[in-house]
Structure formats: C-alpha cells, structure tokens
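J.: Here's a sequence, model it:
(chains A and B)
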Amino acid sequence: QQQVKQSPQSLIVQKGGIPIINCAYENTAFDYFPWYQQFPGKGPALLIAIRPDVSEKKEGRFTISFNKSAKQFSLHIMDSQPGDSATYFCAANRIIFGKGTRLHILP
Amino acid sequence: NAGVMQNPRHLVRRRGQEARLRCSPMKGHSHVYWYRQLPEEGLKFMVYLQKENIIDESGMPKERFSAEFPKEGPSILRIQQVVRGDSAAYFCASSLIGTGTSGLSYEQYFGPGTRLTVT
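T.: Below you'll find the model as predicted:
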C-alpha cells in the first residue's frame, strides 16, 4: 500500500521529443503528487506537483496528467532539450518516492 | 537568500564510529525532513521534524539512528556505530508548512546532501 511504482527505469529521447514517465500508487489517502528533477551530485528540485482533484497541470514545458480512478499519474516534457537530461522522481505526499527514471535527451 | 544547507558535503567514517550530519533549513522554515538515497535508488523517507518535536519517524531505523531539531541551530541526524550499509547520500529538505498524509502541503526545498562513506 505504501509504494509508488515508476517506469521506465531509463529513457532516451531525441531532442524535441516528448518523454513520458509514469507512476502508479496504491494508497488512496495520498493527496499530493510531486515530481522532482535531480542532476548528478545535487539534491532533488521540485518541478511540478498536482492534487487528485485536478486531471492535468502544466508549468512551462512540463505537464502532469492524473488519472484518479486508475491511481496513475505521468510527467510529459514538451520540446525536450539536452539540458533536461537528469533523473526524475515521482512521489506521493513527499514521503513515498518512486525509484527514478534516468532521462537522456540526445542533441 | 541562502537555500537549505547541509554539512559536511562528504563524510568518511570507519565502521563503529559515529556520524553527525547537519541541516540548516531555509530562513523562516520550521519543518525539516531527512531522506536517504542509495545508488540507483529513489529517496527513502526517514524522519520529519518541527522545531523541538519529532512528528513522524516511521522511516527511521529503530537502532543507531536519531534526529533532532533544536530550538536554536541546525537539525542533526546522528548515526551511531556506523556500518558499511549506512553508506549513502543523506538529504534534508525544509518547508514553510508541513503536512500529514492529508491536508495542505507546501513546497519543500532540498539541500545538496551529505555523502557518507563507511570504510
């Protein structure tokens, strides 16, 4: 019940493409779903977050889609750039984290 | 506007020694969270503290680990009698307002981490 499953583990996308990272949770009591970006040797940084009463949220090139009935949410990065290459983590209520997705954007 | 500060950034300890990791939250933040990250793994929640109070320590190992956040000074994560399995990156984060599993949540800001190596 206290898990967030994240996929894929790694992802390679051409510049300009739209990488999609998926997460699934089990505990319906969770009410806050953030995504974090982490560069090597650095701490995670909050990218974007969503609550379960909203189905989609956009901030710049980052979009979260949320499906409450399926207990799934995903991160889309529009017009991806080589500078987006990092590890991305989804989380639930800031205390349960997915295992991360290593994203590499090819120039 | 200093962000969350952690020190030391790198710490090497021999098995059996004590490790003390410090975290200074952002100015005005009174909520601190500690996480552990193993290589190629996500973050594992350890403990959530407010000034002088432990709010949630459900992720903290029962033995050898303790945390505090005194009225004055940084939050401290203390690991006694370290073992090789304690080698990891330890991150703290702070927020203006905290939360439980429901209710309001506010953005948390992470520090750069302390990388602990146990030899």
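J.: Please make it C-alpha for all contacts and neighbour counts, starting now.
T.: OK.
J.: What is the end-to-end distance of stretch B:60-79?
T.: 11 Å (C-alpha to C-alpha, to the nearest Å).
J.: just how off-centre is that stretch within its chain?
T.: Its chain's average C-alpha position is 8 Å from that of stretch B:60-79, according to C-alpha atoms, centre = their mean, to the nearest Å.
J.: Kindly report the same for stretch A:47-65.
T.: For stretch A:47-65, the gap between its own C-alpha mean and the chain's C-alpha mean amounts to 10 Å (C-alpha atoms, centre = their mean).
J.: Pull out the buried residues from that stretch.
T.: Residues of stretch A:47-65 classed as buried by neighbour count (16 or more other C-alpha atoms under 10 Å in any protein chain shown): A:Leu47, A:Ile48, A:Ala49, A:Ile50, A:Arg51, A:Pro52, A:Glu56, A:Lys57, A:Phe62, A:Thr63, A:Ile64, A:Ser65.
J.: Contacts only, for the residue nearest to the fifth one when sequence neighbours are not counted.
T.: In this case it means A:Arg51. The spatial neighbour of A:Arg51 that comes closest, neighbours along the chain excluded (C-alpha to C-alpha, 6 or more residues apart in numbering or on different chains), is A:Tyr32 at 4.9 Å. Contacts for A:Tyr32 (C-alpha atoms under 8 Å, 6 or more residues apart in numbering or on different chains) come out as A:Ala49, A:Ile50, A:Arg51, A:Pro52, A:Ala92, A:Asn93, A:Arg94, B:Ser105.
J.: Quick check: the farthest pair among the residues you listed?
T.: Greatest spatial distance among the contacts of A:Tyr32 (C-alpha to C-alpha): A:Pro52 and A:Arg94, at 14.4 Å.
J.: one step back: helices - which of the contacts of A:Tyr32 land there?
T.: When DSSP state H is applied, the contacts of A:Tyr32 are split such that none fall in helices.
J.: ok, of the residues you listed, which one's closest to B:Val83?
T.: Taking C-alpha to C-alpha as the measure, B:Val83 sits nearest to A:Arg94 out of the contacts of A:Tyr32, at 27.4 Å.
J.: Surely that closest one and A:Trp35 touch.
T.: No - assessed by C-alpha atoms under 8 Å, A:Arg94 is found out of contact with A:Trp35, at 9.4 Å.
J.: State the pLDDT value of the closest residue to chain A within chain B.
T.: At 4.1 Å from chain A, B:Gly42 is the closest residue in chain B, using C-alpha to the nearest C-alpha. The pLDDT attached to B:Gly42 in the predicted structure is 83.
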